[in-house]
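Q: Next come a sequence and a model predicted from it.
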Amino acid sequence: MSTCSCQQPYGVPAGAARASRHPSTLTGVDHVTLLGSASAAWPVPGCRCRRCVEPGTVRVRSALAVGPDLVLEGLPPEPEHSGGRLQAPAEVLRGVPGPIRVGGPAGTGALRPGERAEVGGVRVVALPAGPPTASWSAPPSGELSLLVAVAPGVRILWAPDTGPLPAETLQALEGADLDIAVLDCRDTRGRADPAAFGHRLSRLRSAGALREGARVVAAGLSHEGAGPQRLARALAPWGAQVLPDGAALTGPRRVGPGEVPRAPLRTILLGGASSGKSALAEEMLAAEPQVVYAATGPVPGPDDPEWAQRVSAHRDRRPPWWTTMESCDVPGLLREPGPPVLLDSVGTWLAEAMHRSGAWDDEPGWAGRTGEEMERMRVAWRGSARRVVAVCEDVGSGVVPATSAGRRFRDLAGKLNAALADESERVFLCVAGRAVPLDLSDAPAPLPDGGPL
């Protein structure tokens, strides 16, 4: 079995033998069960949102049962939720002597970074979590931890209620060969966010911490932000899940390589101004270890502070491990092998192509030159061997442009969008921050295990 290369005090315990690497034959504990998937109990007193008024929306703090003797919990319960109980089948909780918690004062079963414990043959080590933010209250120790549990045949990362994973923890998890990873799905504001979850998953995969077919589960569900259904749809192409309380994480329901949906090679996100298409494109690629961000818009200048502010906001939103390429040679980029590409946007690329062709000044022959550039883009898009997500402006839904140049751009943008859509596996219309599929084959995806959260 692979072990991490990191030394004490943060190394993952080694030496737990596997019966088999096949996901359906893991042994050593009789069950690994998700007991709670939320960061706090719902409904929130006095709140009338749809999550609090719908029947059956009670949630509990995140917890995981590992065999008959051990429960892993997040931060100690907040005072207003201290009376909450874990909702799980009685047989799951049989004989559990008490939980091991992430953070908290000494003597409460809490582990601080570098500390270890063993319960019922399961070894547990605490690794450093990110620093507390507005959405994660620091425990009395002032340190946040996450837990790695190792039993014969199964290795588990338990990291809800912890936020982003720091570099020292990612180093400790290099080659850890994890079978199960339960990760926080909230952003720094405490809102459930698919992109935040994807970035954590991306870092784990870059470190080689997950074995092939490892089960990845989102926990730390928040009262605000993306709901469970939207999270489930966003996470499915990454091989991750949102599961109801009581779901078994070992046995025949474990995710194998054949169950992970294949990500489409070419995806278009079409929408109007401020429809959320760029953020949704970033979300779709959030779990990729590497991404090339192809920025086709003009470089900000001192005479346009508003455009500079927009570009800066986009830059700040990207993960630091993404590569930014500011170039209009998008066809050349698409022909090259490499990591996935986020093309933002097709409209700004077309505007520059029209500029080079003299379309804005109605120069003779501009239509033929622009048409050749558009055909180069279509051929490169069709033949690209790398995954591409493109942002496309839907400028035909607005008012009729007042100038002839504006009307040319509107017409050519519509033609180019249609040509690329014909060569794409997935096409979405973005409205109010939601991606509506335009493919007739798309159907609502049920949550795993058959039921709503």
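A: Thanks, I have it.
Q: buried residues in the helix or strand where Trp349 lies?
A: Taking DSSP states H and E as the definition, Trp349 sits inside helix 346-357. By neighbour count on 16 or more other C-beta atoms under 10 Å, the buried set for helix 346-357 is 346-354, 357. Placement of C-beta: from N, CA and C, glycine included.
Q: could the residues you listed go into TSV alongside pLDDT and distance to Gly227?
A: Shown next, in TSV, are the buried residues of helix 346-357 (pLDDT from 0 to 100; distance: C-beta to C-beta, whole Å):
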residue	pLDDT	distance to Gly227
Val346	96	30
Gly347	94	31
Thr348	93	33
Trp349	95	35
Leu350	96	36
Ala351	94	37
Glu352	92	39
Ala353	94	40
Met354	95	42
Ser357	94	46
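Q: From Ala263, how far off is the residue nearest to Glu288 when sequence neighbours are not counted?
A: Spatial nearest neighbour of Glu288, excluding adjacent residues (C-beta to C-beta, 6 or more residues apart in numbering): Pro340 at 5.1 Å. Distance from Pro340 to Ala263, counting by C-beta to C-beta, to the nearest Å: 9 Å.
Q: Which residues are in contact with each of these two?
A: The contact sets of Pro340 and Ala263 overlap at Arg387 (C-beta atoms under 8 Å, 6 or more residues apart in numbering).
Q: So what are the structural domains in this protein, by residue number?
A: Under the assignment automatic domain parsing, the domains of the chain span 23-259, 266-437.
Q: and the longest one, what's its mean pLDDT?
A: Averaging the model's pLDDT scores along domain 23-259 yields 77.
Q: which stretches of the stretch 251-400 of the chain form helices?
A: If DSSP state H, counting those that start in this stretch is used as the criterion, the helices of the stretch 251-400 of the chain fall at 277-284, 305-317, 330-335, 346-357, 366-383.
Q: The stretch 51-200 of the chain now?
A: Remark: helices assigned in the stretch 51-200 of the chain by DSSP H, counting those that start in this stretch are 167-172, 194-206.
Q: what's in contact with the longest one?
A: The set of residues that contact helix 194-206 without belonging to it, under C-beta under 8 Å, 6+ apart, is 157, 159, 164-165, 170, 173, 178, 181, 183-188, 210, 216, 218, 226, 230-231, 234-235, 238, 240, 279, 282-283, 285-290, 319, 321.
Q: among those, which ones are buried?
A: Among the contacts of helix 194-206, those classed as buried by 16+ other C-beta under 10 Å are 157, 159, 164-165, 170, 173, 178, 181, 183-187, 210, 216, 218, 226, 231, 234-235, 238, 240, 279, 282-283, 285-288, 319.
Q: hey, which of the helices of the stretch 51-200 of the chain is tucked in deepest?
A: Among the helices of the stretch 51-200 of the chain, helix 194-206 has the highest mean neighbour count (mean count of other C-beta atoms under 10 Å), at a mean of 23.
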